[in-house]
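Visitor: sequence isn't available, so here's the structure alone:
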């Protein structure tokens with residue numbers, strides 16, 4: 001038994017299926033995917049019109065697809081640290097000083113606003129969650145980006 005391969009959980013299998021579909025989805029050529037753990041994904045993104053301004057977003061789920069959205073934070077790619085303000089873009093709801101995104105598609109948003117769990121802003125965990133979160137992230141960057149945080 002000790003040498004038996006570990007069986008993948010349903011969460012990991014669902015994550016793998018959605019990651020494959022997300023990587024083949026319309027618009028996926030804008031993103032670079034780097035899977036870092038069973039339920040952890042680093043995605044390189046850039047705002048429209050600012051393709052040289054690259055950011056690495058870390059998406060991390062405790063369960064997939066789960067009842068809650070993932071943690072979404074920006075990573076300093078050279079160190080892997082999540083607490084470097086200069087790794088963060090400035091956009092609507094992005095709070096580099098707090099290292100969070102205050103939005104109903106992030107776990108951090110629900111920490112700040114627990115009332116969202118029972119409101120019209122509650123998380124909808126249907127569909128391809130990886131793709132949904134990346135598209136929300138990309139939409140905010142494309143529409144509200146105002147530069148890199150100076151730290």
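Guide: Here it is on my side, so go on. Because the structure is a prediction, the values reported are computed rather than measured.
Visitor: in the chain, what spans have low per-residue confidence?
Guide: 1-6 (pLDDT under 70).
Visitor: thought residue 30 was touching residue 45?
Guide: Yes: using Cβ atoms under 8 Å, residue 30 and residue 45 qualify as a contacting pair, with a distance of 7.1 Å. Any C-beta I mention is one placed from the backbone N, CA and C, and that applies to glycine too.
Visitor: any common contacting residues for the two?
Guide: residue 138 (Cβ atoms under 8 Å, 6 or more residues apart in numbering).
Visitor: and these two? Which one has more around it.
Guide: The residue with more neighbours, out of residue 30 and residue 45, is residue 45; 19 against 14, by other Cβ atoms under 10 Å.
Visitor: ok, the nearest residue to that one once chain neighbours are set aside - contacts?
Guide: The shortest distance from residue 45 to any non-neighbouring residue, by Cβ to Cβ, 6 or more residues apart in numbering, is to residue 55 (5.5 Å). Listed by Cβ under 8 Å, 6+ apart, the contact partners of residue 55 are 44-46, 74, 87-89, 141.
Visitor: who's in contact with stretch 125-134?
Guide: Residues outside stretch 125-134 that contact it (Cβ under 8 Å, 6+ apart) are 15, 18-19, 21-22, 25, 31, 41, 43, 45, 57, 59, 61, 64-70, 72, 105-106.
Visitor: filter these down to the buried ones, PyMOL style.
Guide: This is the PyMOL syntax for the buried subset of the contacts of stretch 125-134, where burial follows 16 or more other Cβ atoms under 10 Å:
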select buried, resi 15+18+19+22+25+31+41+43+45+57+59+61+64+65+66+68+69+70+72+105+106
